[in-house]
Structures are given as C-alpha cells and as structure tokens.
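**Student:** all I have is the shape, not the residue letters:
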C-alpha cells in the first residue's frame with residue numbers, strides 16, 4: 001500500500017497531465033475565430049488546425065497505452081508530456097498557419113502517449129479500495145478543468161492572445177515532470193508484452209488522414225477533382241487493409257472479435273453518430289457566437305459552460321440508470337433529447353439575448369448527453385468479457401474522436417456550399433459593383449471572417465456584413481439539422497442493437513467494481529467519469 005503523501009503526488013501528476021489534453025481539446029475551438037483573423041487563414045486551414053490533432057490522437061492512442069505497458073508507464077507518460085509541451089511552444093510561436101498545423105500534429109502524438117498513461121499509472125499505483133477513490137478524484141478534477149477550459153481560453157484570447165492558450169501548457173508540464181521523477185514509481189506489465197501493432201496504427205492514420213484530406217480539400221477543388229478522388233479512394237483502401245491486418249494480427253490494437261457482440265457494435269455506432277453531431281457542433285458554434293453574434297471570446301467560452309456542468313453534475317445519477325432500467329432505455333431517450341437540442345440550435349438568427357437563443361439549446365443538449373454518456377460507457381464495458389474492459393474503453397474513446405474527425409470534415413462541405421449559394425443570392429439583391437463581387441468572391445474561403453473592401457462604407461457596408469452573417473447562419477442551421485438527424489440515428493441504433501437486459505449489466509458492474517489488476521476492469525464510476533471528458 002502506498003503512503004498517503006506519495007499518493008497525493010501521484011494524483012497531482014496524473015490530474016495535471018491529463019488536464020493539459022482535456023483543456024487543449026476544448027479551448028482551441030474558442031480561439032479559432034481570432035486565430036483565423038490573425039493568421040489570415042482559410043476555413044480549410046482552420047479545419048486542419050483541429051483535424052490533424054484529432055487524427056494523430058485517435059490513430060495512436062491505443063498504441064500509446066501498449067507502449068506504456070512495454071517500456072514503462074511513467075516513462076511513456078513523461079515522453080508524452082515533453083512532446084506535448086514542446087509542440088505547444090511551437091504552436092504558440094507559429095508564424096503562419098502551416099507551421100501551426102504541423103505543430104498540432106506533433107501535439108496530437110504527445111496526447112496519444114500521455115492520455116492512456118494517466119489512468120494506467122493510477123491503476124498500477126493504487127490497490128483495491130484506494131484505486132476507486134483515486135480515480136474518482138482524478139475524474140472530478142479533470143472534469144472541472146474541462147469545464148473551465150473554454151472560459152479560461154476565451155479570457156486569454158480576449159485579453160492577451162490566442163497564443164497563450166498553448167503557452168500555459170509549459171508551466172503545467174514542468175510541474176508534472178518534476179513530480180514524476182521525484183515522487184512517482186515506475187511500473188510495467190507483469191506478463192510478457194505482446195508485439196505492438198505498428199502496421200495497424202500506420203494504416204489507420206493513413207486511411208483516416210487521406211479521407212479527411214480529400215473531404216477538406218473538396219471545399220476548394222470540388223468533389224470530382226482527381227486529387228480529391230485519389231485521396232478518398234486511397235483512404236478507403238488503407239482502411240480495408242487495416243481491417244485485414246487486424247483480423248490476422250497476433251496482437252491487434254483493435255480486436256475485431258469484440259464487435260461480434262451486437263451490444264458492443266451498437267454502442268460504438270451510437271458513439272460514432274452522436275459524437276459526430278456534438279463535436280461538429282462545438283467546432284462551428286464559436287464562429288457563430290463570435291463572428292456573427294458579436295460575443296467576446298470570454299463570453300463564448302462561458303456560453304458552453306452549462307453543457308459541461310450538466311455532464312459533470314449528472315454523471316453519477318445517470319450512471320445508475322442502467323441498473324434501474326436496463327441499457328436500452330437511457331441510450332434511446334438521451335440521444336432523442338440531444339437531437340432536440342441540436343434542432344433548437346438551428347432556430348436563432350442574428351442578434352437576440354443568449355438566454356433566449358443559445359442557452360436553451362445548450363441546456364437541452366447537455367441534458368441529453370448527460371443521460372447518455374455514463375450508461376454508454378457502462379454498456380460498452382458490460383458487453384465484453386472483463387479481461388477486454390480496458391481495450392473496449394480505449395476503442396470507444398478512439399471512436400468518439402474519429403467521429404469528430406470525420407464529422408467536421410463532412411459537415412464543413414455542407415456549411416461552405418450553403419454559405420456560398422446564400423451569399424450569392426444576397427449579394428445579388430444588394431446590386432453591388434462587379435469589382436466588389438470579385439473581392440468578396442476571393443474572400444469566400446474565410447466564411448464569416450470574409451473581409452469587406454475598405455472602400456465600402458455606410459449602409460452598404462453594413463448590408464454586405466449582414467449578408468455574410470446570414471449566409472453563415474444558413475450553413476450553421478443545415479449543420480445543426482444534420483446533427484439532429486445523426487442523434488436520431490444513434491437512438492435508432494440503441495433501439496435495434498443494444499440488449500435491454502438489466503441483470504447482465506448489473507452483474508457486470510458488480511464484477512468490475514471488485515476487479516483489479518492488469519488487463520482487468522477498473523471501477524465503473526471511474527470509467528463513467530473518464531468517458532465524460534471525451
């Protein structure tokens with residue numbers, strides 16, 4: 001049993017390390033509108049700032065966990081911290097958007113190394129009862145940092161610079177590294193480790209990267225362009241090869257046999273659809289709040305705070321719904337409520353009070369997600385044998401990130417198309433000169449950040465700005481309607497595929513609450529809270 005003083009240091013190191021990733025995942029979205037203006041970046045480049053980070057984080061996370069088992073959890077966690085901190089400095093100093101994208105790719109690799117390591121260190125350092133309490137504290141503090149992240153980021157963007165949202169990772173990293181090397185013991189997997197599935201990770205990264213590249217570049221080149229078609233086809237081939245490799249690998253990073261369970265397949269499909277809707281929403285929402293509605297970055301960060309607080313405050317209550325009602329009911333009702341939230345996001349136009357426009361949508365979406373998230377994790381873990389609980393949780397987390405990766409790329413196509421067509425109609429109604437139309441046409445890739453010619457003043461300038469704002473709102477509405485459809489589809493997946501049996505999941509929960517050791521399940525409360533940070 002570890003000493004109380006040492007346990008405090010271990011918790012502090014893992015909480016601060018994880019918080020770097022959780023804060024960064026939420027705070028960057030708030031900074032995107034200001035970042036786009038400062039770097040004169042197109043919407044395609046802004047997408048890559050988010051997408052390349054998610055790509056490497058999702059593709060390498062399962063490998064990152066295996067590396068910790070093989071080479072030492074503290075060592076790999078420390079390497080992830082160093083890589084994340086150095087790439088954060090690069091992000092903050094990036095003179096142009098191309099360098100920022102490259103730095104974000106390295107940051108994603110660092111995140112893939114440190115994210116699975118935080119819980120792995122806790123699981124290996126704390127025995128039995130202590131582990132449950134330790135992971136509970138870890139979950140509570142990381143949830144709080146996730147909630148405060150957008151607010152802090154918005155304040156930094158407004159009062160300092162968007163670059164500071166990356167620089168704040170440096171002092172956190174120095175504190176974590178100091179604690180790691182002085183207070184945290186090393187640990188490895190006791191049994192002989194399996195070979196790492198590097199080929200599977202490479203094919204997953206290449207496949208997802210090629211598909212996302214094709215989708216994003218289609219906004220500039222068109223879906224029929226040879227570069228886009230080659231990218232999409234190449235990505236599809238790589239993903240097919242990934243499946244074949246996983247089927248025949250001795251130690252696959254994603255054991256496909258787990259998907260023989262209808263419930264496991266259904267819950268992961270639900271995750272893909274529902275998280276695709278929610279993560280795309282929180283990508284586009286800051287552009288609406290800051291660029292169209294005129295919110296300050298701080299206000300935009302505070303606007304989404306009710307969503308995160310609902311997830312945090314209701315996680316324990318919603319976690320007990322599976323025992324009380326079975327898995328199917330909350331996993332149908334939660335996405336249905338979330339779909340209503342997405343639809344309400346499509347109602348506001350330009351202007352209006354936050355409390356009557358976006359607040360109701362954020363609260364209803366938060367309620368729907370809160371009902372869904374904890375039962376979702378419980379059901380994912382209860383659908384597989386207990387020795388696969390860790391990999392099942394890892395797969396579900398990877399699926400949630402892949403959902404965001406694909407949905408941002410796909411929904412951006414719809415938003416850009418609607419923005420362009422609506423802007424053409426509205427500009428034509430204003431009867432502006434051909435020179436102004438040409439200038440605005442060159443600014444289309446900036447979306448709501450399109451620059452109006454300086455020569456245009458007075459009522460005409462305000463009318464053109466209103467046309468740009470309303471064109472973006474039209475695209476945003478379509479994205480929210482698609483998101484609502486995805487949420488409804490996720491509810492249908494639960495209805496058709498998820499087992500309604502209550503006894504099975506109650507037994508699984510009891511087993512997981514008492515099991516420990518390597519390769520076994522961590523406490524259910526911990527996994528519920530961990531999943532709420534996705």
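**Tutor:** Received it, and whenever you're ready, just let me know what you need. As the structure is a prediction and not an experimental result, all values here were calculated from the model. Residues are numbered from 1 along each chain as shown.

**Student:** return the distance of stretch 152-163 from the chain's centre.
**Tutor:** Distance of stretch 152-163 from the chain centroid (Cα atoms, centre = their mean, to the nearest Å) equals 21 Å.

**Student:** packing partners for the strand or helix carrying residue 121?
**Tutor:** In the assignment (DSSP states H and E), residue 121 maps to helix 97-125. Packed against helix 97-125 by the contact rule (3 or more Cβ pairs under 8 Å, 6 or more residues apart in numbering; DSSP states H and E) you find helix 4-39, helix 43-71, helix 73-93, helix 128-159. (Glycine included, C-beta is placed from N, CA and C.)

**Student:** got CSV for these, with distance to residue 111 too?
**Tutor:** Output for the helices and strands packed on helix 97-125, formatted as CSV (distance: least, Cβ to Cβ, whole Å):
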stretch, distance to residue 111
helix 4-39, 5
helix 43-71, 5
helix 73-93, 6
helix 128-159, 14
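
**Student:** out of the ones you listed, which is closest to residue 231?
**Tutor:** helix 43-71 (13.4 Å; Cβ to Cβ).

**Student:** and the closest one, what's its mean pLDDT?
**Tutor:** Taken as a whole, helix 43-71 has a mean pLDDT of 88.

**Student:** and stretch 490-504, by the same measure?
**Tutor:** Mean predicted confidence for stretch 490-504 is 80.

**Student:** how far does that stretch sit from its chain's centre?
**Tutor:** From the chain centre to the centre of stretch 490-504 is a distance of 24 Å (Cα atoms, centre = their mean).

**Student:** cool, and stretch 12-22?
**Tutor:** 16 Å.

**Student:** give me the buried positions along that stretch.
**Tutor:** In terms of neighbour count (16 or more other Cβ atoms under 10 Å), stretch 12-22 has its buried residues at 12-22.

**Student:** got it, and stretch 181-200?
**Tutor:** Buried residues in stretch 181-200 (16+ other Cβ under 10 Å): 184, 187-189, 196-197, 200.

**Student:** ok, these vs residue 303, which is closest?
**Tutor:** Closest to residue 303, out of all of these and judged by Cβ to Cβ, is residue 184, at 37.5 Å.

**Student:** ok, back up a step: and the buried residues of stretch 181-200, which two are the farthest apart?
**Tutor:** 184 and 200 (30.0 Å).

**Student:** what segments of the stretch 401-534 of the chain are helices?
**Tutor:** 434-442, 458-497, 502-514, 524-532 (DSSP state H, counting those that start in this stretch).

**Student:** ok so, going back, between the helices and strands packed on helix 97-125, which one is closest to residue 411.
**Tutor:** So among the helices and strands packed on helix 97-125, helix 43-71 is nearest, using Cβ to Cβ, at 10.3 Å.

**Student:** what angle sits between the closest one and helix 73-93?
**Tutor:** Inter-element angle recorded for helix 43-71 and helix 73-93: 160 degrees (by axes from the mean of the first three to the mean of the last three Cα atoms, to 10 degrees).

**Student:** identify each buried residue in helix 43-71, please.
**Tutor:** 43-70.

**Student:** and for stretch 272-287?
**Tutor:** For stretch 272-287, a neighbour-count test (16+ other Cβ under 10 Å) marks 272-287 as buried.

**Student:** next: stretch 104-113.
**Tutor:** Of the residues in stretch 104-113, 104-113 count as buried by neighbour count, 16+ other Cβ under 10 Å.

**Student:** swap in stretch 116-130?
**Tutor:** Using 16+ other Cβ under 10 Å as the test for burial, stretch 116-130 gives 116-126.

**Student:** which one of those is nearest to residue 444?
**Tutor:** Closest to residue 444, out of all of these and judged by Cβ to Cβ, is residue 116, at 40.9 Å.

**Student:** chain neighbours aside, what residue packs nearest to that closest one?
**Tutor:** Of all residues not flanking residue 116 in the chain, residue 65 sits nearest, at 3.6 Å (Cβ to Cβ, 6 or more residues apart in numbering).

**Student:** likewise residue 54?
**Tutor:** residue 405 (4.6 Å).

**Student:** correct me, but the one you found touches residue 215?
**Tutor:** No: applying Cβ atoms under 8 Å as the test, residue 405 and residue 215 come out as separate, 9.9 Å apart.

**Student:** so what does the helix or strand encompassing residue 181 touch, helix or strand wise?
**Tutor:** Using DSSP H and E, residue 181 sits within helix 169-183. Contacts defined by 3+ Cβ pairs under 8 Å, 6+ apart place helix 169-183 against helix 4-39, helix 73-93.

**Student:** how about 10 Å then?
**Tutor:** Helix 169-183 is packed against helix 4-39, helix 73-93, helix 97-125, with contacts defined by 3 or more Cβ pairs under 10 Å, 6 or more residues apart in numbering; DSSP states H and E.
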